[in-house]
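Chemist: Next comes the sequence, and after it the predicted model I'd like to discuss.
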Amino acid sequence: MKVSFVRARYPSVWEPTNLMYVSAFVKDRYKGNLDVQILDGFFDSDEQILNKISGSDYVGFSGTTPQVPHIKQLSKLVKKEYPSMKTIVGGYGPSLQPFTFLNDPTIDYLVVGEGEQSMLDILNGTATQKLVSNQPIMDVDSIPNPDRDSIDLNRYISIAEKDEGRRVTSIMTERGCAFGCTFCAEGEFGTIWRKADLSNKKLEYERAVRLRQRSAKLVVEEMLEVRDRFNITFFKMNDAETNPSKPHFIRLCKEMIEQEVNVPWGCNMRCDKVDDEMCALAVKAHCEEFWMGLESGSPEIHRDINKGTTVEMIKKAFDVSKKYGIKRRTYALLGTPLESYETIKQTEELIDYVDPEIIGFSILAPYPGTAYWKPEYDELDWSQIDEFSNTTWSSNNLTNQELRREQSRLIEKYSDKLAPIIRKKQKLGIGGSQTLDSMMGAM
Ligand code: SF4
């Protein structure tokens, strides 16, 4: 049986780990012969995708909300070209906007939530309806490592090598997020979807356990294997946050030290859980970068966004990591409901205090799964909206135009610290996933 997975177009140089996990799982559990390939709309044009999937029994599309329009476009093209090929959609976008897919005749299966078991059910012919949803696998150590044989990983690594002068790939140490920040969909999708139910035109699901961690030993074994196979010189941890549990973070660092991984790495960190002990061990384990969202300098906004962090915690996290020589990358989020010129001024004061090495400025995107989503947003052209650029959102006090003007001003003011993606978007002056061709040209 031939199966093709396709990540829809989006200017991201992170490899599609979710599809690589699903691929590894079905290759491990499916009883017959399975020929799997993983393609990416970032590299492959629609025409190339159509050519490469020729002969597939199943094609599975995945993406986040800004990729939903491209997923729909691809499924139409596939059904026109290969009417008997079964189409499957999954990932954050389709899971959080299920009704835009359920009535789409070009889609055969809609996978809601984590996809390993659901994909296996589809291949085994035991999925009996269009919506396929399973309780995610609790023991994440039982899931094989991401399938790095069915994807051309060097395409991703060489972009990083060209851009940053280092061979980068990603490793996941846990799944989910225990928090529920109002602006982030991770706390929604990334948690446990036991069983999805779409009755009453409303997506309902049970959510029992919010975070599952891998054993440090298995994570480090994977790092060693990938390091040697691909000559990796930097690891990105692609966890929502790597430090929600201090013991997990400490175990990882200790194992890396003991197994002598000796490769620099960086990870997302919550500012409320950064201390001397963690920084000291992280540096010993060759951690070089912490990516910490400061979001805003306004105490009121921090209370409003429910992140559980305060301005004081942020200052402390940046101070302590600086003391250990860890490079601090941060993100400021403009446009939560209480945003005003005054709160933006407070954010600037906080940025000046913490003095990050790299910063990015985004405007709130009301993705499904965030507290700001409304059903009518299904109608928006999500290919033109992401956290870096949108022309729709405004706060209680500032219009969208005013927010965008402030974003541009801050990008200009902190231009010497800009995150690479902001620099590229700024250079092009455009946003959304439609920028792919231009982004590729700018790389
Ligand atoms: S911002 Fe971080 S802590 Fe908050 S929900 Fe998203 S991933 Fe979790």
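Modeler: Alright, I've got the coordinates. Numbering: from 1, shown residues only.
Chemist: all helices for the stretch 1-150 of the chain, in order.
Modeler: Per DSSP state H, counting those that start in this stretch, the stretch 1-150 of the chain has helices spanning 17-29, 46-52, 68-81, 92-96, 99-102, 116-124. These are given in chain order.
Chemist: actually the stretch 201-350 of the chain, sorry about that
Modeler: Ranges of helices within the stretch 201-350 of the chain are 216-230, 246-258, 276-284, 299-305, 311-323, 341-354, based on DSSP H, counting those that start in this stretch.
Chemist: Run the chain-centre distance for the fourth one.
Modeler: Averaged C-alpha coordinates place helix 299-305 at 24 Å from its chain's average position (Cα atoms, centre = their mean, to the nearest Å).
Chemist: Quickly check: it near the ligand or not.
Modeler: No: Helix 299-305 stays out of contact with the ligand when judged by Cβ under 6 Å from any ligand atom, the minimum separation being 8.5 Å. No exception for glycine: its C-beta is placed from N, CA and C like everyone else's.
Chemist: how about stretch 310-319: buried residues?
Modeler: When burial is assessed from 16 or more other Cβ atoms under 10 Å, stretch 310-319 yields the following buried residues: V311, M313, I314, K315, K316, A317, F318.
Chemist: Adding mean pLDDT and distance to T399, write the helices of the stretch 201-350 of the chain out as TSV.
Modeler: As requested, these are arranged in TSV below (pLDDT from 0 to 100; distance: least, Cβ to Cβ, whole Å):
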stretch	mean pLDDT	distance to T399
helix 216-230	98	46
helix 246-258	98	41
helix 276-284	98	41
helix 299-305	98	18
helix 311-323	98	26
helix 341-354	98	12
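Chemist: Redo those as a markdown table? Include distance to R404.
Modeler: Listed next are the helices of the stretch 201-350 of the chain as a markdown table, based on distance: least, Cβ to Cβ, whole Å:
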| stretch | distance to R404 |
| --- | --- |
| helix 216-230 | 39 |
| helix 246-258 | 37 |
| helix 276-284 | 36 |
| helix 299-305 | 18 |
| helix 311-323 | 25 |
| helix 341-354 | 12 |
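Chemist: Please identify the most buried of the helices of the stretch 1-150 of the chain.
Modeler: helix 92-96 (a mean of 26; mean count of other Cβ atoms under 10 Å).
Chemist: For the stretch 251-400 of the chain, which residues are neighbours of the ligand?
Modeler: For the stretch 251-400 of the chain, the residues in contact with the ligand (Cβ under 6 Å from any ligand atom) are R270, K307.
Chemist: out of the helices of the stretch 1-150 of the chain, nearest to the ligand?
Modeler: Ranking the helices of the stretch 1-150 of the chain by their distance to the ligand (criterion: Cβ to the nearest ligand atom) puts helix 92-96 first, at 12.2 Å.
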